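Student: Give me a 3D structure for the following:
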Amino acid sequence: MVSVIVPIYNVENYVKKCLDSLAAQTLKDVEFILIDDGSTDNSGKIAEQYCSDSRFHILHTENRGLSAARNYGIDQSHGEYLMFVDGDDWIAPDFSRIPYETAIKNNADLVIFRAFRAKNGKIRNKNRAAKNIPKGIVGNYTAIKYGGNAAWNKLYKRELFNNIRYPEGHVYEEIATTHKLIHIAKKICMIKTPLYYHVYRKNSISHSLTSSSLDDFFISNIEKYKNMISFGYPLEEQRPILWSSAITYLINKRPCKEEKYIQATQIVESIIGIPRQILLKHKVALMAWRKNKKLFNLLCKVAGRLRIS
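Tutor: Numbers count the residues shown, from 1 in each chain. Now for the predicted structure:
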């Protein structure tokens, strides 16, 4: 059986499309664990309407956040394999069937697939370098490199979560978690079939940046960097991720004497030259930072801090 865990929080304008796509799944041996995370709109009531279908099970909780909802869903599920869907996204009819059959055929602990991104009613490939994504059996580092941080473009053997859970009370929890799950998987398959539709919303948790969530973003990237080094993965490929997260932090954070700001400053100051591996906007920000820090902070203030991408 595959258990699909669906955290739901105040997405009444999106959740019906999500649940309709669940109901249309072609895999027969599947259950849908809906976690209503203390919604204050009609999301929970809409979800209840689907529970006449025996595959659907709804659990209402107080609002504790996405990580807690996912962890609770894991505890309440029964499947040998686990998958995740966010309540404002939707999935292809074969979302659960193709990865499940791939896992069974290859005796894989983890299956990774592609996703589309929906923004302003338009759908595009979420990974522009999709043609370069490998397929078939891949190594752990390759899976981390090409599989992304998202929880929802993967099928997991349940045992992977025996000692790993999403950090509760934090956002950007996937950055700190997904690479660990991939690292311990004994066998991984990647498929190029796009099976997930991720909706970009400015007011979603990951895009509604606050000072606290910016801290979580930076801390999660530092944790991932340290873990990747301890796992023995190539140092030269980990540094650009750390550099970019530190630059992003300085762009979005007002100058202060907090430990994290000082740490981000030290990371950026340690960068030699203009690394080709970082994004153009980070290159420009790095050059501006080096030329005049006061002007850099003024420009960031005018442009509007606390915006992340």
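Student: Identify the residue nearest Leu82 in space, chain neighbours excluded?
Tutor: Of all residues not flanking Leu82 in the chain, Tyr156 sits nearest, at 4.8 Å (CB to CB, 6 or more residues apart in numbering). To be clear about C-beta, it is placed using only N, CA and C from the backbone, and glycine gets the same treatment.
Student: Strand partners (parallel or antiparallel) of the helix or strand that contains that neighbour?
Tutor: Element membership for Tyr156, per DSSP states H and E: strand 154-157. Counting by DSSP bridges, the strands paired with strand 154-157 are strand 81-84 (antiparallel), strand 110-119 (antiparallel).
Student: Pick the most deeply packed of the ones you listed.
Tutor: Most buried of the strands paired with strand 154-157 by mean neighbour count (mean count of other CB atoms under 10 Å) is strand 81-84; its value is a mean of 25.
Student: Can you give the distance of that one from its chain's centre?
Tutor: For strand 81-84, the separation from the chain centroid amounts to 14 Å (computed by CA atoms, centre = their mean, to the nearest Å).
Student: Who are the packing partners of the helix or strand just after that strand?
Tutor: Next helix or strand after strand 81-84 toward the C-terminus (DSSP H and E): strand 90-91. Under the contact criterion of 3 or more CB pairs under 8 Å, 6 or more residues apart in numbering; DSSP states H and E, strand 90-91 touches helix 15-23, strand 188-199.
Student: immediately after strand 90-91, which helix or strand?
Tutor: Downstream of strand 90-91, the next assigned helix or strand under DSSP H and E is helix 97-106.
Student: Okay, buried residues for that next one please.
Tutor: Judged by neighbour count (16 or more other CB atoms under 10 Å), helix 97-106 contains these buried residues: Arg97, Ile98, Pro99, Tyr100, Thr102, Ala103.
Student: Show me what it is packed up against.
Tutor: Against helix 97-106 (3+ CB pairs under 8 Å, 6+ apart) you get strand 81-84, strand 110-119, strand 154-157, strand 188-199.
Student: Residues contacting it, please?
Tutor: Residues external to helix 97-106 that are found in contact with it (CB atoms under 8 Å, 6 or more residues apart in numbering): 2, 25-27, 81, 83, 108-111, 113, 137, 154-155, 157, 187, 189, 191, 193, 195.
Student: Ok, stretch 277-286 next?
Tutor: Stretch 277-286 is contacted by residues Pro240, Trp243, Ser244, Ile247, Thr248, Leu250, Ile251, Val268, Ile271, Ile274, Pro275, Phe296 when judged by CB under 8 Å, 6+ apart.
Student: Identify each buried residue in stretch 3-20, please.
Tutor: Of all the residues in stretch 3-20, those buried under the rule 16+ other CB under 10 Å are 3-12, 14-16, 18-19.
Student: any idea which of the residues you listed is the one closest to Gly44?
Tutor: Nearest to Gly44 among the buried residues of stretch 3-20, counting by CB to CB, is Ile8 at 6.9 Å.
Student: Let me know how buried the closest residue to the closest one other than its chain neighbours is, in neighbour terms.
Tutor: Using CB to CB, 6+ apart and skipping the chain neighbours, the partner closest in space to Ile8 is Gly87 (3.8 Å). Look at Gly87: counted by other CB atoms under 10 Å, it has 27 neighbours.
Student: Contacts only, for Gly87.
Tutor: Neighbouring residues of Gly87 by CB under 8 Å, 6+ apart: Val6, Pro7, Ile8, Tyr9, Val11, Tyr14, Val15, Cys18, Ser43.
Student: Can you tell me which of those residues lies closest to Tyr233?
Tutor: Of all the contacts of Gly87, Tyr233 sits closest to Pro7, with 29.8 Å by CB to CB.
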